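Colleague: Need the 3D shape of this:
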Amino acid sequence: MFKKELRLNYIQLRNKVSSKELQDSSIQIANKLLELPIWSLNFYHIFLTISEKKEIDTSFILSILQGKDKNVVLPKMTGEHTLANYLLTDSLIIKKNKWNIPEPVNGIEISSKQIDVVFIPLLAYDSIGNRVGYGKGYYDVFLKKCAPDVIKIGLSLFRPEDEISDTNANDIALDYCVTPEQVYKF
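Modeller: Have a look, this model is predicted:
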């Protein structure tokens, strides 16, 4: 299936998920993450949930990261296809941007090269780790700036597709995708 088609399908599927199902699935995903061999690392980049788009509620993952005393890094859209990374601190101010994405206003900027693990928002993914996001390329550009061994983890409510037909050289695949039922390793 092509990316455009997958985007439309998965936006519709997400819209059918109830608030209770989304919360339960988000908790299950956070718990499944504990099975991954990532917890000895230092810097964890995580997106903040766009609740209007019924994204995975990452607050449960944030609680785990903070409970394990990890450095949490949050993205901010700073230009066309560009993300800056800010360390989550007690004084960090977070506001929604014009697309309703919660993001830091300012703070301590962290280099992409310092990040060990990236939790990636997505709409769909396939059996070999290719992913489909909202189509603006922010994460592909960001991931190219990270260290080559950065661990890329997608979070999804759904199982993988067999194949995404129109991947290209700019697409960066996942290392893992975590769903409420299963951890997929690529």
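
Colleague: helices and strands around whatever helix or strand Q12 lives in, which ones?
Modeller: For Q12, the host element (DSSP states H and E) is helix 3-15. In this structure, helix 3-15 packs against strand 124-125, strand 131-132, with contacts taken as 3 or more C-beta pairs under 8 Å, 6 or more residues apart in numbering; DSSP states H and E. The C-beta positions use only the backbone N, C-alpha and C, and glycine is treated the same way.

Colleague: what are the pairing partners of the last one, and which direction each?
Modeller: This means strand 131-132. Applying DSSP bridges, strand 131-132 is found paired with strand 124-125 (antiparallel).

Colleague: Next, the contact list for the most centrally placed residue in the chain, please.
Modeller: When C-alpha atoms, centre = their mean is applied to the chain, the residue found nearest the centroid is I120 (1.9 Å). Neighbouring residues of I120 by C-beta atoms under 8 Å, 6 or more residues apart in numbering: F47, R131, G133, Y139, K152, I153, G154, L155, L174.

Colleague: One more: P75?
Modeller: P75 touches H45, F47, L83, A84, N85, Y86, E103, Y138, F142, counting by C-beta under 8 Å, 6+ apart.

Colleague: List the buried residues for the helix or strand containing it?
Modeller: P75 is part of strand 71-79 when elements are defined by DSSP H and E. Neighbour counts over strand 71-79 (16 or more other C-beta atoms under 10 Å) mark N71, V72, V73, L74, P75, K76, M77 as buried.

Colleague: ok, and the closest non-adjacent residue to I128?
Modeller: Nearest residue to I128, sequence neighbours excluded (C-beta to C-beta, 6 or more residues apart in numbering): F186, at 5.8 Å.

Colleague: what's the answer for K95, then?
Modeller: V105 (5.6 Å).

Colleague: Need the pLDDT of that neighbour.
Modeller: Looking at V105, its pLDDT reads 94.

Colleague: re earlier: for the helices and strands packed on helix 3-15, which one ends up most surrounded?
Modeller: The highest mean neighbour count among the helices and strands packed on helix 3-15, using mean count of other C-beta atoms under 10 Å, belongs to strand 124-125: a mean of 26.
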